[in-house]
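*Asks:* okay, sequence plus prediction incoming.
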Amino acid sequence: MTSYDEVPYESHAYYANHPDRMAVVATMLGLDPPAVPTCRVLELGCAEGGNLLPMAASLPGARFVGIDLSPRQVELGREAAAALGLANVELLAMSVTDVDASLGTFDYILAHGLYSWVPPDVQEAVLGIFERNLAPSGVAMVSYNCYPGWRFRGMLREVLQHATRNLPAPKERVAHARELVRFLSENAHDATGGYRLQLASEAALLAEEPDASVIHDLFEEWNLPLYFHELVERVGRHGLSYLGETRLRSMTLGELRPERDALLRRFAATFLEKEQLADLLGNRKLRESLLVRGDAPRRIHPERLERLLLRWKGLPIETGKDPSNDEVWEFRARDGARSLKTNNPAVKSALAALASVAPRALPFGDVLAAVSGLVPSVRPDDPGARAALREALLRIHLSGLVELHVTSPRVTDSPDPRPVGSPLARWESGRGVTVTTQWHETLDLTDLDRLVLERLDGTRDRGRLIAELVEKALYEGLLTGPDGTAVTARGTVTEVIREAVAASLSKLTRRGVLVA
């Protein structure tokens with residue numbers, strides 16, 4: 001408790017932890033999970049509520065309870081909830097070992113960043129909560145460091161703990177750890193070079209991770225990784241079974257990846273054995289596993305895609321092109337690292353329809369209607385055409401270009417004359433450079449983005465917004481020329497601000513920060 005009070009763990013939204021994501025996986029695997037808009041959610045180790053409060057803001061009909069051992073972080077979370085006017089969330093300063101049946105049952109229980117970082121008796125208490133407090137059709141999520149990926153980092157953790165044992169301040173230990181690992185990566189020598197490559201990878205990760213993450217991952221007393229099969233055995237003793245991961249694309253899913261499934265079948269006969277073998281092949285370090293009561297299904301049901309909403313997660317695409325011909329189109333992911341090329345008219349039409357309304361999501365039926373309007377051969381009453389489109393969209397989802405949802409927040413694809421930013425994001429923008437979108441994703445803002453978002457309360461049209469920012473820029477000298485001096489020409493400042501506001505509004509709209 002003391003260490004987390006001294007150095008609070010970074011508290012923000014985790015996209016994969018939202019009950020909507022959990023419900024998607026359960027639905028696609030053949031279950032009927034509790035309705036997300038009215039669900040009850042419990043988060044174990046909620047810190048300041050950075051993950052829980054955005055859920056409460058976007059799901060006003062649901063109820064949320066968070067518990068954390070750190071009174072300081074719980075109090076900060078309560079202050080934030082009060083500032084946001086959230087009456088559907090309760091944060092409690094208590095240990096998971098004190099949770100009993102009196103807390104009630106929950107449709108979704110989250111244990112993110114907790115299980116591997118506590119002693120065995122607390123780990124057992126977490127599983128006991130799942131067994132005792134999970135609703136009959138509920139879904140629980142537990143994240144944990146896993147082998148074999150954590151073997152090397154575990155060794156490094158032991159080395160760094162010893163090397164920094166005499167440094168009293170946590171941030172001193174972090175700085176020394178980063179310097180030491182960088183030194184080792186630059187000077188280590190071994191016959192194959194594999195050791196040096198692993199050190200270089202760890203040095204890069206340590207350089208990027210926030211201080212708090214390094215402190216609590218490497219220097220806490222407890223960090224107990226385990227193999228996937230060990231987790232399965234443990235939860236089985238509590239009447240639970242493994243359902244899947246928070247992301248479908250993190251699972252083996254033999255029906256959709258037959259070549260990989262055939263490879264795994266050489267040494268793994270069952271679904272669970274394939275999952276363990278996949279960890280060994282990928283040197284996996286972390287799992288975010290979903291658990292349910294009783295026996296979990298082991299097969300994906302592509303037809304259930306028709307129950308879900310689909311959302312485009314790639315870059316905007318060129319408009320006005322005809323998708324019905326054989327021209328090859330390329331669709332790129334938001335990070336630019338992944339892309340999809342296709343000349344399939346139905347797929348091009350479907351993705352164009354989704355991209356045209358982003359960040360809104362569309363039901364499968366609306367996507368099918370858009371496709372049939374452009375590609376006559378795809379008839380809504382043709383079972384084969386429906387199945388082909390379902391399978392194509394599911395495969396594209398596994399590539400990360402299309403997201404699946406069971407519910408949608410009030411996002412808009414076109415700013416109102418007087419744009420409105422989500423109250424949560426506007427509140428967050430006044431406290432940092434990262435905000436939470438209505439899709440529970442994090443978004444980094446520029447200084448100009450923050451100035452724009454803080455003013456999107458529905459009282460300003462674009463002209464007034466530009467005028468206010470022009471006056472602020474002139475008064476405070478926010479714009480500088482090549483020589484470093486402030487730009488004072490009103491016409492120049494106005495033109496720069498006008499273009500910047502347009503770009504900022506477009507960014508905030510595309511990422512789902514503006515409220516419909």
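*Replies:* It's in. Numbering: from 1, shown residues only.
*Asks:* contacts and neighbour counts: CA atoms only from here.
*Replies:* Noted.
*Asks:* can you tell me the closest non-neighbouring residue to Val25?
*Replies:* Distance criterion CA to CA, 6 or more residues apart in numbering; nearest residue to Val25, sequence neighbours excluded, is Leu248 at 6.4 Å.
*Asks:* from Leu479, how far off is that neighbour?
*Replies:* According to CA to CA, to the nearest Å, Leu248 stands 46 Å off from Leu479.
*Asks:* what is the neighbour count of Gln198?
*Replies:* Residues lying near Gln198 (other CA atoms under 10 Å) number 14.
*Asks:* buried stuff in the helix or strand where it lies?
*Replies:* Assigned by DSSP states H and E, Gln198 falls within helix 194-208. In terms of neighbour count (16 or more other CA atoms under 10 Å), helix 194-208 has its buried residues at Tyr195, Arg196, Leu199, Ala200, Glu202, Ala203, Leu206, Ala207.
*Asks:* before we move on, what about stretch 62-77?
*Replies:* Buried positions in stretch 62-77, judged by neighbour count with 16+ other CA under 10 Å: 62-75, 77.
*Asks:* stretch 498-505 now?
*Replies:* Those would be Arg498, Ala500, Val501, Ser504, Leu505, for stretch 498-505 by 16+ other CA under 10 Å.
*Asks:* now do stretch 233-247
*Replies:* Buried-residue list, stretch 233-247, by 16+ other CA under 10 Å: Val235, Gly236, His238, Gly239, Leu240, Ser241, Tyr242, Leu243, Gly244, Glu245, Thr246, Arg247.
*Asks:* among the buried residues of stretch 498-505, which ones are in helices?
*Replies:* Secondary structure from DSSP state H places Arg498, Ala500, Val501, Ser504, Leu505 of the buried residues of stretch 498-505 in helices.
*Asks:* tell me how far the last one lies from Glu230.
*Replies:* Meaning Leu505. 48 Å.
*Asks:* more neighbours: which of Leu248 and Leu479?
*Replies:* Set side by side, Leu248 and Leu479 show more neighbours around Leu248, with 21 against 17, by other CA under 10 Å.
*Asks:* that one touches Ala26, doesn't it?
*Replies:* No: with contact defined as CA atoms under 8 Å, Leu248 does not reach Ala26; the gap is 9.9 Å.
*Asks:* ok, Thr494 touching Glu468?
*Replies:* No: using CA under 8 Å as the test, Thr494 is too far from Glu468 to be in contact (10.3 Å).
*Asks:* the more surrounded of these two?
*Replies:* Thr494 (18 against 15).
*Asks:* which element, helix or strand, includes the more buried one?
*Replies:* helix 490-510.
*Asks:* for that helix, name the packing helices and strands.
*Replies:* The contact analysis (3 or more CA pairs under 8 Å, 6 or more residues apart in numbering; DSSP states H and E) places helix 490-510 against helix 447-453, helix 462-476.
*Asks:* switch these over to TSV; also include distance to Glu259 and mean pLDDT.
*Replies:* What follows is the helices and strands packed on helix 490-510, written out as TSV (distance: least, CA to CA, whole Å; pLDDT from 0 to 100):
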stretch	distance to Glu259	mean pLDDT
helix 447-453	45	94
helix 462-476	53	92
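*Asks:* which stretch among these is buried most, on average?
*Replies:* Neighbour counts (mean count of other CA atoms under 10 Å) averaged over each of the helices and strands packed on helix 490-510 peak at helix 447-453, with a mean of 20.
*Asks:* what does it rub up against?
*Replies:* Under the criterion CA atoms under 8 Å, 6 or more residues apart in numbering, residues Gly421, Ala425, Arg426, Ser429, Gly430, Val433, Leu465, Leu469, Ala500, Val501, Ser504, Leu505 lie in contact with helix 447-453.
*Asks:* any stretches of the protein with poor pLDDT?
*Replies:* Under the criterion pLDDT under 70, the flagged ranges of the chain are 1-10.
*Asks:* ok, longest strand in this structure?
*Replies:* The longest strand of the chain (DSSP state E) is strand 134-145.
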